[in-house]
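# 3D model of this:
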Amino acid sequence: MAIKLYKPTTPGRRFASVADYSGLVKSKKTPKGLVVSKTVQAGRNNSGKITVRHRGGGSRHKIRIVDFSRSDRKGIPGLVKSIEYDPTRSAFISLIAYKDGVKRFMLTPQGLTVGQTVLFSDTAEISTGNRLPISIIPVGSFIHDIELVPGQGGKVARSAGGYAILQTVDGGYGLLKLPSGEIRKVKDSCSATIGQLSNQGLMNVRLGKAGRKRHMGRRPEVRGKVMNPVDHPHGGGEGHNPIGLKYPKTPWGKHALGVKTRDKKKGSKSFIVKRRPKK
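Numbers count the residues shown, from 1 in each chain. Below is the predicted model:
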């Protein structure tokens, strides 16, 4: 997807860019049951406490119900009726009309067009948009919307431009190189969709002004070094100074960078063949 620029009519427009949505084909009417209202949590948990800072506000939008599994549609061909923008995710979505009359949303891979037929089957062709078990997909293929547990639905490679590479299939497992660079084993009975996800140019979009960040529900973040010592470990000092510490700290005095957050006893540890590269 191309990036669109505007004339610098305002300071915010001068450096801003947007994704070009002119190639999308919107359905005239979204079927009932595929769109629901969203409750804004603003970074709060079920107790009402803020667990994620700098969240709140943002534009109002509704959630599109996306079918990540397609398990109950196995063997039923579906026709791509539209390719649409989804305000709650980075990749585009497609409205699929199945032969039995059911309509569902699915993630749109790069190259999928309106009028094309997609299928989830053990005997489906190796073409963009079709979904198959990993055991049947050829080695070296680009895949997305990958299951980690058979029948659970896709969990991996679901954002704009995302894909994983199937490196080998052996001993009941497929070896995947994930978008993060991690190499992981997945059961070959898990399903995945062929192709790379759409809207891969989203990473090149420049917001250009703070207001667009607020529309996304992101509130301002203040640097700790410009605060007072009572408010942040980095605060204090006269003028522009470094933090004066051996390592950056959170507002509560803990390590801010390089802390491993993954549970060492997590059950899926044995499936990770190679960790993602360090930054």
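# Enumerate every residue touching Val114.
For Val114, the contact set (CB atoms under 8 Å, 6 or more residues apart in numbering) comprises Val25, Val80, Lys81, Ser82, Ile83. Yep, even glycine has a C-beta here, placed from its N, CA and C like the rest.
# is it true that it lies in a strand?
No: counting by DSSP: H, G, I helix; E, B strand; the rest coil, Val114 is not part of a strand but coil.
# Return the closest of the contacts of Val114 with respect to Ile137.
Nearest to Ile137 out of the contacts of Val114 is Val80 (CB to CB; 20.7 Å).
# Give me the below-cutoff pLDDT ranges for the stretch 1-150 of the chain.
Within the stretch 1-150 of the chain, the stretches with pLDDT under 70 are 1.
# Endpoint to endpoint, stretch 68-75 covers what distance?
16 Å (CA to CA, to the nearest Å).
# Report the buried residues of it.
Phe68, Ser69, Arg70, Arg73 (16 or more other CB atoms under 10 Å).
# residue at max distance from the center of the protein?
Distance from the C-alpha centroid of the chain peaks at Glu238, with 42.4 Å (CA atoms, centre = their mean).
# Tell me the pLDDT of it.
Per-residue pLDDT puts Glu238 at 88.
# that's a helix at it, yeah?
No: using three-state DSSP, the secondary structure at Glu238 is coil, not a helix.
# In the protein, which residue is most central in space?
So for the chain, CA atoms, centre = their mean, it's Ser159, sitting 2.8 Å from the centre.
# That residue against Ser90, yeah?
Yes: counting by CB atoms under 8 Å, Ser159 does reach Ser90; the two are 4.9 Å apart.
# contacts for the longest helix seen in the chain?
The longest helix of the chain (DSSP state H) is helix 210-215. Residues outside helix 210-215 that contact it (CB under 8 Å, 6+ apart): Gly12, Ala16, Gly57, Gly58, Ser59, Leu207, Pro220.
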